[in-house]
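S.K.: Show me how the following folds:
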Amino acid sequence: MLKKIISSPDLSLYSLKFKEFNLIDSYIASTRETRAISNNPFVMGIKYTDYLEKACSKILTGLFENKLISIKEKESIVFNILRGGLNFGLRNALSSAFGWNYHGCSFISAQRARKDDSPEEWHIIESEYTKVYMPETASIIIGDVVATGTSLEHAIKALVNETKKQGANLKSIIFFTFGGKRAAEILNSTDKMCREKFKDYQRTVLIYHEGCFSVPDEKTPLSVKETGTDLVRLNSIMAPEFIESQYTNPLYPLQRCVIYDAGSRAFWIPEYLEDLKNYWTQLKNLAENGLNFHTLLNERFPELDQTRFSQTDLTKICNSHLEEIEKLISDNN
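M.R.: As a prediction, this is how the structure comes out:
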């Protein structure tokens, strides 16, 4: 399913073929920076957004040099879905990749929440802010975390409507994500719609950071999970480099999510650290009641070779990790 296209110290890029979503060009990209983000939850704040911006810059360079994208400075617009889209730093990533200065930025707010009468379903609760600029011919570059796709679906519809309203011609969409299969589904439908509405529409490009991850639901057999939110390693399609990186530290494959809450991780660290503390406290309690490391590893990432991990005491690593988290919480108070 994965075919390597680029192999360098800075970037590994794989083409990803979806049988059911064949209108779009899908890729999985692996970089040192995004592996650090997905494995080490202490990459947060400015360091987190800097890492993500650097990764996107490397990927843009690789895509352009290998003629997998064709974009021009004054036709390019970064479309920011607030607030998660700001994490990707795509305005600066384009500048560092190509030396650009004149590309534009547009903004739309799209905040989702669970439905009160159906907690496993989501809806948009805030979408009031919109500031969309469009050149006559536009190539759109977007970044966002996609689990259920509620915010992305809303933002794409608003983008297409505003493009038509301004009389612009949409040429292409490039989308970066920590996300799952729902991103491909939405963008495949978007590609079809754009080809019908814009005569010169050329392509939709989807780039997954490190993998196309699964999103747990009520039936997913995980001891701890946030349904409709987490992006987990279980039953996912991942870059070989990312899989290999799991053996570096026994904490890595046990992380609840490859990204956690992207907004708080970037912009409000106290809330993010409390989320981490809550998860690792739950794991500690499970460990004290008999759950061991290898059982948990098999639950969260069964493809890994357990023999490559030494005898690991789950209670000890939970306590050690919680001490680090508590210190960071104390330092931020």
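
S.K.: Tell me which helix or strand L60 sits in.
M.R.: helix 45-65 (DSSP states H and E).

S.K.: quick one: that helix to chain centroid distance?
M.R.: 13 Å (CA atoms, centre = their mean, to the nearest Å).

S.K.: Let me know the next secondary structure element after it.
M.R.: strand 76-82.

S.K.: Would you mind writing the CA trace of the helix or strand just after that next one as PDB?
M.R.: Once strand 76-82 ends, the next helix or strand along the chain (criterion: DSSP H and E) is helix 90-98. Presented in PDB, the C-alpha positions along helix 90-98 are these (Å, rounded to 0.1, in the frame of the first residue of the first chain):
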ATOM      1  CA  LEU A  90       2.300  27.100   6.700                       C
ATOM      2  CA  ARG A  91       2.800  30.800   5.900                       C
ATOM      3  CA  ASN A  92       6.300  30.600   7.200                       C
ATOM      4  CA  ALA A  93       6.900  27.100   5.900                       C
ATOM      5  CA  LEU A  94       6.200  28.300   2.400                       C
ATOM      6  CA  SER A  95       8.600  31.200   2.900                       C
ATOM      7  CA  SER A  96      11.400  29.100   4.200                       C
ATOM      8  CA  ALA A  97      10.800  26.400   1.500                       C
ATOM      9  CA  PHE A  98      10.700  28.800  -1.500                       C
END
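
S.K.: on contacts alone, who are the packing partners of helix 90-98?
M.R.: In terms of contacts (3 or more CB pairs under 8 Å, 6 or more residues apart in numbering; DSSP states H and E), helix 90-98 is packed against helix 45-65, strand 76-82, strand 137-143. Placement of C-beta: from N, CA and C, glycine included.

S.K.: Could I get the full set of strands for the stretch 201-333 of the chain?
M.R.: Per DSSP state E, counting those that start in this stretch, the stretch 201-333 of the chain carries strands over the ranges 203-214, 232-238.

S.K.: I'd like the ones you listed written out as TSV, with distance to A29 and mean pLDDT added.
M.R.: As requested, the strands of the stretch 201-333 of the chain are arranged in TSV below (distance: least, CB to CB, whole Å; pLDDT from 0 to 100):
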stretch	distance to A29	mean pLDDT
strand 203-214	5	98
strand 232-238	12	97
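
S.K.: Out of these, which is the most enclosed?
M.R.: Greatest average neighbour count among the strands of the stretch 201-333 of the chain goes to strand 203-214 (a mean of 25), per mean count of other CB atoms under 10 Å.

S.K.: Show me what it pairs with in its sheet, parallel or antiparallel.
M.R.: Strand 203-214 has the following strand partners under DSSP bridges: strand 25-30 (parallel), strand 169-179 (parallel), strand 232-238 (antiparallel).

S.K.: Relative to F21, which of the helices and strands packed on helix 90-98 is closest?
M.R.: strand 137-143 (16.9 Å; CB to CB).

S.K.: can you dump the C-alpha coordinates of that closest one into PDB?
M.R.: This file holds the C-alpha atoms of strand 137-143, laid out as PDB (Å, rounded to 0.1, in the frame of the first residue of the first chain):
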ATOM      1  CA  THR A 137      -6.400  32.000  -9.600                       C
ATOM      2  CA  ALA A 138      -5.900  30.300  -6.300                       C
ATOM      3  CA  SER A 139      -3.900  27.400  -4.900                       C
ATOM      4  CA  ILE A 140      -5.000  26.600  -1.300                       C
ATOM      5  CA  ILE A 141      -2.600  25.300   1.300                       C
ATOM      6  CA  ILE A 142      -4.300  24.000   4.600                       C
ATOM      7  CA  GLY A 143      -3.200  22.200   7.700                       C
END
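
S.K.: Quick check, K3 in contact with Y14.
M.R.: Yes. The criterion here is CB atoms under 8 Å, and K3 meets it with Y14 at 6.2 Å.

S.K.: thinking again about what came up before, among the helices and strands packed on helix 90-98, which comes closest to D261?
M.R.: Here helix 45-65 is closest among these (CB to CB), at 11.5 Å.

S.K.: Which one of K3 and Y14 is surrounded by more residues?
M.R.: Using other CB atoms under 10 Å, the more surrounded residue of K3 and Y14 is Y14, with 23 against 10.

S.K.: For the more buried one, name its beta-bridge partners.
M.R.: Beta-bridge partners of Y14, as defined by DSSP bridges: K4, I28.

S.K.: quick one, what contacts it?
M.R.: Listed by CB atoms under 8 Å, 6 or more residues apart in numbering, the contact set of Y14 reads 2-5, 27-30, 239.

S.K.: before we move on, back to that, restricting to C-alpha, output the helix holding L60 in PDB.
M.R.: Extracted C-alpha coordinates of helix 45-65, given in PDB (Å, rounded to 0.1, in the frame of the first residue of the first chain):
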ATOM      1  CA  GLY A  45       4.300  25.300  23.000                       C
ATOM      2  CA  ILE A  46       6.700  27.200  20.700                       C
ATOM      3  CA  LYS A  47       8.900  24.100  20.300                       C
ATOM      4  CA  TYR A  48       5.900  22.100  19.000                       C
ATOM      5  CA  THR A  49       4.800  24.700  16.400                       C
ATOM      6  CA  ASP A  50       8.400  25.300  15.300                       C
ATOM      7  CA  TYR A  51       8.900  21.600  14.800                       C
ATOM      8  CA  LEU A  52       5.700  21.300  12.800                       C
ATOM      9  CA  GLU A  53       6.500  24.300  10.600                       C
ATOM     10  CA  LYS A  54      10.000  22.900   9.900                       C
ATOM     11  CA  ALA A  55       8.500  19.600   8.900                       C
ATOM     12  CA  CYS A  56       5.900  21.200   6.600                       C
ATOM     13  CA  SER A  57       8.700  23.200   5.000                       C
ATOM     14  CA  LYS A  58      10.800  20.100   4.300                       C
ATOM     15  CA  ILE A  59       7.700  18.300   2.800                       C
ATOM     16  CA  LEU A  60       6.800  21.200   0.600                       C
ATOM     17  CA  THR A  61      10.400  21.300  -0.700                       C
ATOM     18  CA  GLY A  62      10.400  17.600  -1.400                       C
ATOM     19  CA  LEU A  63       7.000  17.700  -3.100                       C
ATOM     20  CA  PHE A  64       8.000  20.600  -5.300                       C
ATOM     21  CA  GLU A  65      11.400  19.200  -6.300                       C
END
